[in-house]
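Colleague: What would the 3D arrangement of this be:
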Amino acid sequence: FLMKYAEHIIFIGEGNHETAIRKHQETDVTTRLVERINMGTESKVIRGGYEGYVLIKVGLTEGSGAARTSKRIHWHHGYEGGRRSKGALAFDLDRARWDADVYVSGHNHEKMVYPTTRESVDQNGTVVLSKVLHVQLGTFKAKDPDQVGSGWAVEKKFTDANLGCYVLHFKASRIGSTGRPIINVKAEELDS
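Modeller: Prediction:
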C-alpha cells in the first residue's frame, strides 16, 4: 500500500503498538516496514523513533539579497487519551518541554489544529511574537460496522473517531521593509 507513496515519505515513526510488538515479539515492525519500502523502491525512507524533530530550511535569493530561515517541527506519536480534552491539554505540556514552531502529535484519534502565539526576545533585546501551530492528527481507523453498540471504544465511552488528516503547507516570503524572511505554515484538513 505504501509503495506508491514512497517518494513522498521522509520518515516513518513508531507508535505504542509497535513498541509493544518489539517488547513482546522481539521484532521491530517499523524497521521491517522501512526496509521493505526502501528495497522495493528507489526511496530512502528513514526509520524514525517515537518522537523527533524535522527542520524545514528555506533560502531566498530574490528581493533584498540572499537570506535563510527555518521552521522547527517537533513530532511525537502522542501520550494521552484525550477523552475529555481531546488532546488540547497536551499542547501546553508540549510547549513547556520542546522548543518548536510546529508541534505534531497523534495517538488519541482526535483531529484538530490549534494556533497560539509565543513571545520571546531576540539577540538585540527586541520582543518578538511568533505563531506556534499545534496539529493533533486524526485517524483512518473507523469503528467496525459489525460491532455497532459494542467493542473497546463503546466500553470506554469514547466518541466516534474524527477521521482524516492534515496536510501542512509551508510558504516562504519576506516581510516589511527589512525583507526579513519568514515561513508561514497552513494546515489543510483532508477528510477520509
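Colleague: Please count neighbours and contacts with C-alpha atoms only from this point.
Modeller: OK.
Colleague: Compute the number of surrounding residues for Pro156.
Modeller: Wrong residue type there; residue 156 is Lys, not Pro. Look at Lys156: counted by other CA atoms under 10 Å, it has 9 neighbours.
Colleague: quick one, what contacts it?
Modeller: Listed by CA atoms under 8 Å, 6 or more residues apart in numbering, Lys156 has no contact partners.
Colleague: how close does it sit to Tyr103?
Modeller: 27 Å (CA to CA, to the nearest Å).
Colleague: same question, Thr139
Modeller: Distance from Thr139 to Tyr103, by CA to CA: 17 Å.
Colleague: Give me the more crowded residue out of the two.
Modeller: Tyr103 (23 against 18).
Colleague: Please name the bridge partners of that one.
Modeller: His74, His134 (DSSP bridges).
Colleague: Am I right that it is in contact with Ile73?
Modeller: Yes: if you go by CA atoms under 8 Å, Tyr103 and Ile73 touch, sitting 5.8 Å apart.
Colleague: For Thr159, which three-state class applies?
Modeller: coil (DSSP: H, G, I helix; E, B strand; the rest coil).
Colleague: Tell me the spacing between it and Glu119.
Modeller: Distance from Thr159 to Glu119, by CA to CA: 36 Å.
Colleague: Ok, Tyr50 next?
Modeller: Counting by CA to CA - Tyr50 and Glu119 are separated by 28 Å.
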